[in-house]
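Undergrad: my questions are about this predicted structure, shown below with the sequence.
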Amino acid sequence: MPPRKSLRNQSTAVVESSVTRSTTSKTSGTAKVGSKTRATKRKAIEPSPEPELTLREEVETKPSKRRKAVAKEEIEEEHLVAEELEAAVVPKKPRATKAKAKAKPEDAIPLAERTAVATLKKAMRIGAHVSSAGGVHNSITNAVHIGANAFALFLKSQRKWQNPPMTAEARDGFRNLSKTHKFEVHHHCLPHGSYLVNLAQAEKEKADQAYGAFLDDLQRCESLGVRLYNFHPGNTNGDARESAIGRIAAQLNKAHKATKTVVTVLENMAGQGNVVGSTFEDLRDIIALIDDKSRVGVCIDTCHAFAAGYDLRSPETFAATMAKFDEVVGSKYLRALHLNDSKAPFASHRDLHANIGTGFLGLRAFHNVMNFDTVVELPMVLETPIDRPGPDGKTVEDKQVWADEIKLLESLIGMDASSAEFAALEEKLQAQGASERAKIQDQVDRKGAKDAKKASAKPRGKKKKKAQEDSDDDSD
Ligand SMILES: [Zn+2]
Ligand SMILES: [Zn+2]
């Protein structure tokens with residue numbers, strides 16, 4: 001890493017290094033990130049309030065260029081991680097935060113106007129997981145910036161146990177801005193929980209730590225007037241599934257009693273092995289143990305569902321999957337959606353988000369979602385990749401991607417899927433994602449062949465296979 005020469009270099013380094021972050025903990029990951037960028041990571045995380053202030057401005061003052069033939073080589077499995085790191089480097093000085101919030105250029109130039117939901121044929125609330133760097137109130141401005149009618153955010157750093165309390169300024173700012181911009185945050189805001197928290201944790205000390213962080217998030221929701229809170233159910237760590245599910249439910253019951261209104265929303269997962277929540281049955285079994293059923297719900301992530309073996313691609317398979325969800329879990333528990341295409345093929349159990357229409361799900365799957373009455377008015381959140389190489393080869397976020405995807409999804413409402421217009425869109429997007437799909441398909445095929453070999457070998461290989469499964473790339 002060359003020495004930082006200017007603010008511009010520095011800020012891009014922060015973004016870039018955040019992207020590196022998620023890949024370092026993954027063993028089966030496919031992303032190859034140079035050690036050069038990895039080395040910058042620590043530096044970037046070190047709190048140094050002054051330069052960080054400029055991070056967002058630096059990135060966003062740059063006029064966002066339209067998505068081109070995106071070089072996606074290095075950005076898989078890294079969705080949302082920039083936000084996490086930004087949250088980790090939140091400036092501590094309230095004065096600085098205020099200045100930052102006010103100076104945001106995005107206030108003036110939105111990348112897209114928000115669509116009046118009343119003008120849509122169905123009231124679909126589409127948005128993205130936006131940054132809350134500098135304080136939760138900034139998430140509202142960031143949502144408005146991309147024309148979002150729903151949004152997700154992290155309430156604090158996602159990879160740290162210790163976090164400063166939310167400031168009164170951030171809280172009041174959030175409440176005021178949500179009024180100004182007419183965001184019904186109790187319906188259309190879906191904070192995402194910490195990746196560190198595992199409510200299935202069996203060890204007392206660790207379980208208490210997880211519960212503390214979880215409860216703190218729920219309390220933050222309530223102080224913001226936010227009703228829904230999305231989180232990953234947990235991991236058995238090799239223990240019996242039934243006991244793990246029992247522990248998750250017990251933690252949830254306790255958290256519900258300690259709070260008043262917030263609804264804890266379980267996210268379906270892509271993985272297998274020790275991951276809890278990749279089957280509808282897991283979600284059902286957790287909900288069955290919840291005392292107050294009005295305090296629990298489900299968020300379906302389209303990429304995770306598909307990777308877990310629930311097909312959504314054709315109108316028929318989509319209907320069958322949603323009927324299955326209704327039968328096993330109950331549609332009334334569906335409170336939100338994560339809208340992500342999948343770079344990995346069906347039932348591959350890999351969590352690799354792709355841009356809408358470019359993955360193995362394809363545009364037809366999203367046409368199915370956009371015309372499905374059950375999801376009307378639910379918050380729908382994009383967690384698609386927006387990183388792309390900047391002019392100097394470093395990764396920058398292109399929020400225009402989300403602004404465009406929101407409009408694309410809205411355009412699918414009521415669109416005739418047999419029309420030439422739809423076919424042209426579908427073809428264009430599939431072509432954009434072709435090389436990436438081929439790459440991941442190849443990986444999945446190789447792994448399948450390897451696993452088959454191991455399975456036919458002696459028990460020696462068995463342990464290894466399991467470890468590999470468990471390390472699969474779930475991230476958000
Ligand atoms: Zn994911
Ligand atoms: Zn998630």
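TA: Arrived safely. Ligands and ions are numbered 1, 2, ... in the order given.

Undergrad: surely residue 272 meets residue 348?
TA: No: Residue 272 lies out of contact with residue 348 (C-beta atoms under 8 Å); the separation is 10.1 Å. C-beta: built from backbone N, CA, C; applies to glycine.

Undergrad: the more surrounded of the two?
TA: Between residue 272 and residue 348, counted using other C-beta atoms under 10 Å, the more crowded position is residue 348 (24 against 17).

Undergrad: ligand 2 contacts on the stretch 151-300 of the chain?
TA: Proximity of the stretch 151-300 of the chain to ligand 2 (C-beta under 5 Å from the ion) is limited to residues residue 267.

Undergrad: so, low pLDDT: which residues of the stretch 151-300 of the chain?
TA: Counting by pLDDT under 70, not a single residue of the stretch 151-300 of the chain qualifies.

Undergrad: name the residue of it that lies nearest to ligand 2.
TA: Distances between the stretch 151-300 of the chain and ligand 2 by C-beta to the ion are smallest at residue 267, namely 4.8 Å.

Undergrad: tally up the residues packed near that residue, please.
TA: When counting by other C-beta under 10 Å, one arrives at 22 neighbours for residue 267.

Undergrad: ditto for the one 3 residues further on
TA: Residue 270 has 28 neighbours, counted by other C-beta under 10 Å.

Undergrad: repeat that for residue 387.
TA: For residue 387, the neighbour count with other C-beta under 10 Å is 24.

Undergrad: could you tell me the phi and psi values at it?
TA: Main-chain torsions, residue 387, degrees, to the nearest 10: phi -80, psi 140.

Undergrad: now residue 176: which helix or strand?
TA: For residue 176, the host element (DSSP states H and E) is helix 168-180.

Undergrad: helix or strand right after that helix?
TA: helix 185-188.

Undergrad: OK, contacts around the residue nearest to residue 422 when sequence neighbours are not counted?
TA: In space, and not counting its chain neighbours, residue 422 is closest to residue 415: 5.7 Å by C-beta to C-beta, 6 or more residues apart in numbering. Residues in contact with residue 415 (C-beta atoms under 8 Å, 6 or more residues apart in numbering) are 367, 421, 422.

Undergrad: can you do 10 Å?
TA: 121, 363, 367, 370, 371, 421, 422, 425 (C-beta atoms under 10 Å, 6 or more residues apart in numbering).

Undergrad: same check, this time on residue 280
TA: By C-beta under 10 Å, 6+ apart, the residues touching residue 280 are 268, 298, 300, 305, 308, 310, 321, 324-330.

Undergrad: nearest to residue 353 among those?
TA: Nearest to residue 353 among the contacts of residue 280: residue 305, at 12.5 Å, using C-beta to C-beta.

Undergrad: touching, that closest one and residue 313? I think so.
TA: No: using C-beta atoms under 10 Å, residue 305 is not in contact with residue 313, being 11.2 Å away.

Undergrad: residue 314 and ligand 1, how far apart?
TA: Taking C-beta to the ion, to the nearest Å as the measure, residue 314 falls 23 Å from ligand 1.

Undergrad: ugh, wrong one, I meant residue 242
TA: Counting by C-beta to the ion, the gap from residue 242 to ligand 1 is 25 Å.

Undergrad: host element of that residue?
TA: helix 241-258.

Undergrad: which of the contacts of residue 415 count as buried?
TA: 363, 367, 370, 371, 422, 425 (16 or more other C-beta atoms under 10 Å).

Undergrad: helix, strand, or coil at the fifth one?
TA: What it means is residue 422. Under DSSP: H, G, I helix; E, B strand; the rest coil, residue 422 falls in the helix class.

Undergrad: contact partners for it?
TA: 363, 364, 367, 411, 412, 415, 416.

Undergrad: confirm that the fourth one sits in a strand.
TA: No: the assignment for residue 411 by three-state DSSP gives helix, which leaves it out of any strand.

Undergrad: wait, doesn't it sit right on residue 371?
TA: No: with contact defined as C-beta under 10 Å, residue 411 does not count as touching residue 371 (11.8 Å).

Undergrad: quick one on the thing from earlier: select from the buried ones among the contacts of residue 415 every entry located in strands.
TA: Here DSSP state E is the test, and these give no hits in strands at all.

Undergrad: from those residues, pick the one nearest ligand 2.
TA: Using C-beta to the ion, those come closest to ligand 2 at residue 370, 21.0 Å.

Undergrad: surely the residue of the stretch 151-300 of the chain closest to ligand 2 meets residue 230?
TA: Yes: using C-beta under 10 Å, residue 267 makes contact with residue 230 at a distance of 5.6 Å.

Undergrad: which ones are touching residue 166?
TA: Residues in contact with residue 166, defined by C-beta under 10 Å, 6+ apart, are 135, 136, 137, 155, 156, 174, 216, 219, 220, 223, 224.

Undergrad: and the residues you listed, which two are furthest apart?
TA: Among the contacts of residue 166, 137 and 216 lie farthest apart (C-beta to C-beta), at 18.2 Å.

Undergrad: of the two, which one has the most company?
TA: Between residue 137 and residue 216, counting by other C-beta under 10 Å, residue 137 is the more crowded of the two (25 against 17).

Undergrad: any figure for the gap between that one and residue 400?
TA: 23 Å (C-beta to C-beta, to the nearest Å).

Undergrad: same thing with residue 372?
TA: Going from residue 372 to residue 400 by C-beta to C-beta gives 27 Å.

Undergrad: the residue in the chain that ligand 2 sits nearest to - how many residues pack around it?
TA: Taking C-beta to the ion as the measure, the chain has residue 476 as its residue closest to ligand 2, at 3.9 Å. Neighbour count of residue 476, defined by other C-beta under 10 Å: 28.

Undergrad: residue of the protein nearest ligand 1, please.
TA: With distances taken as C-beta to the ion, the chain approaches ligand 1 most closely at residue 351, which sits 4.1 Å away.

Undergrad: tell me the secondary structure at that residue.
TA: With three-state DSSP as the basis, the three-state label of residue 351 is coil.

Undergrad: same check, this time on residue 358
TA: coil.

Undergrad: pretty sure residue 363 is touching residue 423, no?
TA: Yes: in this structure residue 363 lies within contact range of residue 423 using C-beta under 10 Å: 9.5 Å.

Undergrad: what is in contact with the two at once?
TA: Shared contacts of residue 363 and residue 423 (C-beta under 10 Å, 6+ apart): residue 417.

Undergrad: buried set for stretch 152-164?
TA: Buried-residue list, stretch 152-164, by 16+ other C-beta under 10 Å: 152, 153, 154, 155, 156, 157, 158, 159, 163.

Undergrad: so what sits against both of residue 267 and residue 230?
TA: 190, 192, 193, 298, 299, 301, 336, 338, 476.

Undergrad: what residues are up against the closest residue to the fourth one other than its chain neighbours?
TA: Spatial nearest neighbour of residue 298, chain neighbours left out: residue 333 (4.8 Å); criterion: C-beta to C-beta, 6+ apart. By C-beta under 10 Å, 6+ apart, residue 333 lies in contact with 263, 265-266, 283-284, 287, 293, 296-299, 325-326.

Undergrad: stretch 205-217: which residues count as buried?
TA: 207, 209, 210, 211, 213, 214, 216, 217.

Undergrad: and stretch 252-261, by the same measure?
TA: Within stretch 252-261, the residues that count as buried by 16+ other C-beta under 10 Å are 252, 253, 255, 256, 259.

Undergrad: and that stretch, how far out from the chain middle?
TA: How far stretch 252-261 lies from its chain's middle: 24 Å, per C-alpha atoms, centre = their mean, to the nearest Å.

Undergrad: much appreciated, bye for now.
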